[in-house]
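J.: Here is a sequence with its predicted model. Questions after.
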Amino acid sequence: MINEIISGVCEALSEEFGFPVHTEKSAQGAQKPCFFVTCKNPRSGSVKDRYFVSRQLLGDRYLNSAGLCVEFFPSAPLLARGEYGEVLDRLFLCLEYIPFMGGVLRGQGMQGEYAEDMLNFFVNYDVFVCRGEEKDVMEKITRKEEFLWH
């Protein structure tokens, strides 16, 4: 499920900006401007402390929460401040609703912060999931009808 959420975020970013979107930091020497999408905890800012929580609600129903960080690297560090503001405004709009498994998923808790040479944008996506087998609550019923004419 987390991969589907990341794919939806990447698709939304590509449509809105047209910049390259990466999911792995191994893209050394990436063409800028670009985005990196990772699952990271906004409280610690660490990729090692990934933010993905599954909480059981009622029966076999669970609430899965994924916290993502979208990192934006501008084309030139000196021009970054003006570019950050424009990108930040557009991120709030384009990541509010992302494509997800044939529908849409709404982002919550969005916040942006400036770092040394990049912009960090945090967003959470919550998904309700039913686990377990589907059970038939009734067996099949047959009905015999007979018409009487007088």
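T.: The structure has been received and is ready for your questions. Numbering: from 1, shown residues only.
J.: what's the helix or strand where residue 6 lies in contact with?
T.: Element membership of residue 6 [criterion: DSSP states H and E] is helix 2-17. If you take CB atoms under 8 Å, 6 or more residues apart in numbering as the criterion, helix 2-17 is touched by 19, 21, 23, 33, 35, 37, 39, 52, 66, 68, 70, 87, 90, 93-95, 97-101, 105, 123, 125, 127. Backbone N, C-alpha and C define where each C-beta goes, glycine included.
J.: Distance from that helix to the middle of the chain?
T.: 7 Å (CA atoms, centre = their mean, to the nearest Å).
J.: Would you mark the buried spots in it?
T.: For helix 2-17, the neighbour count (16 or more other CB atoms under 10 Å) marks 4-10, 12-13, 17 as buried.
J.: now stretch 63-70
T.: Of the residues in stretch 63-70, those buried (16+ other CB under 10 Å) are 64, 66-70.
J.: Could you report the distance from residue 72 to residue 145?
T.: 68 Å (CB to CB, to the nearest Å).
J.: Neighbour count for these two, which is higher?
T.: Legend: neighbour count by other CB atoms under 10 Å for residue 72 and residue 145, higher for residue 72 (24 against 4).
J.: partners of the lowest-mean-pLDDT helix or strand in the chain in the sheet?
T.: The least trusted helix or strand in the chain, going by mean pLDDT, DSSP states H and E, turns out to be strand 52-56, with a mean of 73. Partners of strand 52-56 in the sheet, by DSSP bridges, are strand 61-73 (antiparallel).
J.: Could you check how far the helix or strand just after the partner strand is from the centre of its chain?
T.: Counting by DSSP H and E, the next helix or strand C-terminal to strand 61-73 is helix 80-94. Remark: helix 80-94 is offset 18 Å from the chain centroid, using CA atoms, centre = their mean.
J.: With stretch 53-62 instead?
T.: The mean C-alpha position of stretch 53-62 is separated from the chain mean by 19 Å, CA atoms, centre = their mean.
J.: And for stretch 8-22?
T.: For stretch 8-22, the distance from its own C-alpha centre to the chain's C-alpha centre is 12 Å (CA atoms, centre = their mean).
J.: which one of the buried residues of stretch 63-70 sits closest to residue 82?
T.: Using CB to CB, the shortest approach to residue 82 within those belongs to residue 70, at 18.9 Å.
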